[in-house]
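A.B. asks: I would like to see how this sequence folds:
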Amino acid sequence: MAGNITSLGIGSGVLTADIIDKLKEADKSAIITPLDTKIDLNKQKQEAYSLLSSFMTTLKGSASALSDDTIFAAKKVDVSGDAIVTVDAGTNIESFTLETTKLAKKDVTQFGAMADRDTTPIATGSGVLNINGVEIAYDASMKLEDLAQAITDAGGDDFSASILKTGEGAYNLIVSSKETGVANALTISDTDGLLASELMTPYEETTNPNGYKKVQEAADAEFVYNGITMTRASNTIDDIAVGLNITLKKEGDSANVNISFETQNIVDEVQNFVDAYNELISNISDMTLADTETGQEGVFNNDSFVKSISRELGSMLSSMNIGGQTLTGLGAETTNLAGEPEMLYIFDVDQNGKLSVNTANLEKKLNDDPEGMKELFSGAYDEDYNPTDGFFDLINNKLEEYTGSGKLLSNYETSLETEAKNLAQSRTSALESLNVRYDTMAARFAAYDAIINQINSQFASLQMMIDSENQ
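C.D. replies: Alright, predicted model coming up:
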């Protein structure tokens, strides 16, 4: 480096380190600065590319959702009563009426009250409690909580027991079936008759209000479906029709169940597509801006590839044709106040390329012709059972050309990364060359300066001799 030669300029006063530094800075401005500018622009392009790629992925996600005909399979269920009704996507079922006559019930038996749950023995000896043929052994050492646990352990999936405190000093053993329905009714008997009398003495309203009694008889659900009386062991019913799920909630309930085509999820996804499309187009416009009046320029203002994306997508919306219809020409027919036919268009593209959707017109078209819209959006099958494309299949296919590994955007990203690598290498090489050049120049300046210093010294000696002769 020139600055390391501290004696430079002593001899000449001209060949100084400052001159070399200024010459070097001038060369750096001419050679390195343009490379730095290109490197900075490349970095901005890579950042903008990440944003662009994200918008394209979002747009493709919405197009893919609308190209999948399962989005048209959802059903909307409105129930006027208390019953809960759901319908699985794709279920082919009409609206119906539903009346709940009886609810399915579990079998519940309450044993007589004991004074405590963990102290007083529940039997005078060893014996067997029989519940639906299942034998539960007991003995004089067992307490109420021991008996409850033994019953639960033996009951498995069929019945269980719990202890309920019904009053001060009154603990009742409750045995219940685990499932509803007549088939799950419980028959209980003390085979050996050695259980404490408090447990088995029958209920009597006045003399033994905490006595043994059947609290609830097992019962099947009874209901009327579209005028047809039916019974089931459970209040949850899923075997009337495939995909239909009913939960009965209240006896005496009467309900009208209206099943219709669900449009909201389609409307929402179309709006998502429109929003994603406009976000992409708006950002491409900003990225490719070249305003001669204000001097504003987008990072991709000279990039033909990025500019072509908005042109391709805009052309796609207006040129795609299915059965003589385009997406932007799609509408719902109606009649105006004058009695004349009128088309209510669903989509519109303004002069700036922004897409909009009229949700009211879309809903009308979906309700008027759901199957037709399904074919236009998501495709169908021809007479030979070959799949045909809908609008969003075509859009999804076009976006597929850009997104994913090895596709247009991925290749473009690779080109930016390659350009960044090449620019970095060029800068390193240029800077090394510049340093070598000026290190060499500094060495030569030092040599020249030494010669000049020697000549100056010789001249000074000669001048002294001349001055001496002239005295």
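
A.B. asks: confidence score at the nearest residue to Asn358 once chain neighbours are set aside?
C.D. replies: Spatial nearest neighbour of Asn358, chain neighbours left out: Ile346 (5.8 Å); criterion: CB to CB, 6 or more residues apart in numbering. No exception for glycine: its C-beta is placed from N, CA and C like everyone else's. pLDDT, Ile346: 91.

A.B. asks: What of the one 3 residues further on?
C.D. replies: Note on Val349: pLDDT of 89.

A.B. asks: before we move on, back to that, surely the residue nearest to Asn358 meets Glu363?
C.D. replies: No. In this structure, Ile346 is not within contact of Glu363 by CB atoms under 8 Å, at 9.6 Å.

A.B. asks: still on that earlier bit, do you know how far the residue nearest to Asn358 is from Gly331?
C.D. replies: Computed as CB to CB, to the nearest Å, the Ile346 to Gly331 distance reads 6 Å.

A.B. asks: intersection of neighbour lists for those two?
C.D. replies: Counting by CB atoms under 8 Å, 6 or more residues apart in numbering, the residues touching both Ile346 and Gly331 are Asn361, Lys365.

A.B. asks: Going by neighbour count, which residues in the helix or strand containing Lys213 are buried?
C.D. replies: Using DSSP states H and E, Lys213 maps to strand 213-216. Neighbour counts over strand 213-216 (16 or more other CB atoms under 10 Å) mark Lys213 as buried.

A.B. asks: Quickly run through the sheet partners of the helix or strand that it is followed by, with directions.
C.D. replies: Next in sequence after strand 213-216, counting helices and strands by DSSP H and E, comes strand 221-225. If you go by DSSP bridges, strand 221-225 pairs up with strand 96-102 (antiparallel), strand 228-232 (antiparallel).

A.B. asks: tell me the mean pLDDT over the strand holding Lys213?
C.D. replies: 96.

A.B. asks: What helices and strands are in contact with it?
C.D. replies: strand 108-114 (3 or more CB pairs under 8 Å, 6 or more residues apart in numbering; DSSP states H and E).

A.B. asks: can we see that at 10 Å?
C.D. replies: Contacts defined by 3 or more CB pairs under 10 Å, 6 or more residues apart in numbering; DSSP states H and E place strand 213-216 against strand 108-114, strand 170-177.

A.B. asks: Phi, psi for the residue nearest to Asn358 please.
C.D. replies: phi -90, psi -40 (degrees, to the nearest 10).

A.B. asks: Can you report how many residues neighbour it?
C.D. replies: 24 (other CB atoms under 10 Å).

A.B. asks: picking up where we left off before, what sits in contact with each of Ile346 and Glu363?
C.D. replies: Listed as contacting both Ile346 and Glu363 by CB atoms under 10 Å, 6 or more residues apart in numbering are Ala332.

A.B. asks: Which one of the helices and strands packed on strand 213-216 lies nearest to Leu394?
C.D. replies: Nearest to Leu394 among these is strand 170-177; the distance by CB to CB comes to 58.5 Å.

A.B. asks: What angle do strand 108-114 and that closest one make with each other?
C.D. replies: Calculated by axes from the mean of the first three to the mean of the last three CA atoms, to 10 degrees, strand 170-177 forms an angle of 160 degrees with strand 108-114.

A.B. asks: Neighbouring strands of strand 170-177 in the sheet, and parallel or not?
C.D. replies: strand 108-114 (antiparallel), strand 159-167 (antiparallel).

A.B. asks: Glu198: which of those strands is closest?
C.D. replies: strand 108-114 (4.7 Å).

A.B. asks: what element comes up after the closest one heading to the C-terminus?
C.D. replies: strand 127-131.

A.B. asks: pretty sure Ile266 contacts Ile71?
C.D. replies: Yes. The pair Ile266 / Ile71 is scored as a contact, 5.8 Å apart, by CB atoms under 10 Å.

A.B. asks: so what's in contact with the two at the same time?
C.D. replies: Residues touching both Ile266 and Ile71 (CB under 10 Å, 6+ apart): Ala65, Lys374, Phe377, Ser378.

A.B. asks: Same list as before, those residues that is, but in a markdown table and with neighbour count included.
C.D. replies: Below are the shared contacts of Ile266 and Ile71 laid out as a markdown table (neighbours: other CB atoms under 10 Å):
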| residue | neighbour count |
| --- | --- |
| Ala65 | 20 |
| Lys374 | 19 |
| Phe377 | 24 |
| Ser378 | 22 |
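
A.B. asks: For the residue nearest the centre of the chain, which residues are in contact?
C.D. replies: The centre of the chain sits closest to Gly61, judged by CA atoms, centre = their mean, with a distance of 10.4 Å. Going by CB under 10 Å, 6+ apart, Gly61 touches Glu269, Asn272, Phe273, Ala276, Asn396, Leu399, Thr403.

A.B. asks: Can you lay out these as CSV showing distance to Leu195, neighbour count and pLDDT?
C.D. replies: Shown next, in CSV, are those (distance: CB to CB, whole Å; neighbours: other CB atoms under 10 Å; pLDDT from 0 to 100):
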residue, distance to Leu195, neighbour count, pLDDT
Glu269, 65, 20, 96
Asn272, 67, 17, 96
Phe273, 71, 23, 96
Ala276, 72, 20, 96
Asn396, 72, 22, 93
Leu399, 76, 24, 93
Thr403, 75, 17, 90
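
A.B. asks: Sort out for me which of those are in helices.
C.D. replies: Glu269, Asn272, Phe273, Ala276, Asn396, Leu399 (DSSP state H).
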